[in-house]
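# everything below, folded, please.
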Amino acid sequence: MKKVITYGTFDLLHYGHINLLRRAKELGDYLVVVLSSDEFNWVEKHKKCYFTYEQRKQMLEAIRYVDLVVPEENWEQKNTDVEKYGISVFVMGDDWKGKFDFLKDKCEVVYLPRTPEISTTEIKKSLSGKGI
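Predicted coordinates:
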């Protein structure tokens, strides 16, 4: 079985997220999504999520492309996750291009193009009245 892994916050889930998950799943048989915990988002990424970890996890688990959702607690766990879950392909959006090449000795690393016309940041700006 070819296992694929991807990481993200997946707050305000939208069709760009679905596109990423679909394309990631097409690269293998089993998709592991490592979802940033609320604490990791706040302390390390300086992001406040609209939905809690449990709510975001529940939404991801309802998506047919996703086989397993696990928490992301720190930046360093990518190395151990690849080994722990027997990963063949590590997938991220191309806004992270080159950042995870250090994993290439353990698995294939793929950077997928983002869906250009949508982003959570832009949705949040628009909803707060600071956008379009």
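# how near is Glu76 to Gly98?
Noted for Glu76: a distance of 18 Å to Gly98, by Cβ to Cβ, to the nearest Å. Bear in mind the C-beta positions are built from the backbone N, C-alpha and C, glycine included.
# quick check: bridge partners of Thr6?
Going by DSSP bridges, Thr6 is paired in beta bridges with Val33, Val91.
# what is the burial count for it?
24 (other Cβ atoms under 10 Å).
# how long is stretch 6-15 from one end to the other?
From its first residue to its last, stretch 6-15 covers 16 Å (Cα to Cα, to the nearest Å).
# burial count for the closest residue to Lys48 other than its chain neighbours?
With Cβ to Cβ, 6 or more residues apart in numbering as the criterion, Lys48 has its nearest non-adjacent residue at 6.4 Å, and that residue is Trp42. By other Cβ under 10 Å, 13 other residues sit near Trp42.
# with Leu20 instead?
22.
# buried stuff in the helix or strand where it lies?
Applying DSSP states H and E as the criterion places Leu20 in helix 15-25. When neighbours are counted by 16 or more other Cβ atoms under 10 Å, the buried residues of helix 15-25 are found to be 16-17, 20-21, 23-25.
# pLDDT score assigned to Lys97?
Looking at Lys97, its pLDDT reads 96.
# do Ser126 as well
Reported pLDDT for Ser126: 68.
# kindly report the same for the one 5 residues further on.
You'll see Gly131 listed with a pLDDT of 50.
# which parts of this structure are helices?
Shown for the chain, the helices assigned by DSSP state H span residues 15-25, 38-43, 53-61, 77-84, 120-127.
# contacts for the shortest one, please.
Residues outside helix 38-43 that contact it (Cβ atoms under 8 Å, 6 or more residues apart in numbering) are 9, 47-49, 52-53, 71-74.
# please consider this matter closed, and thank you.
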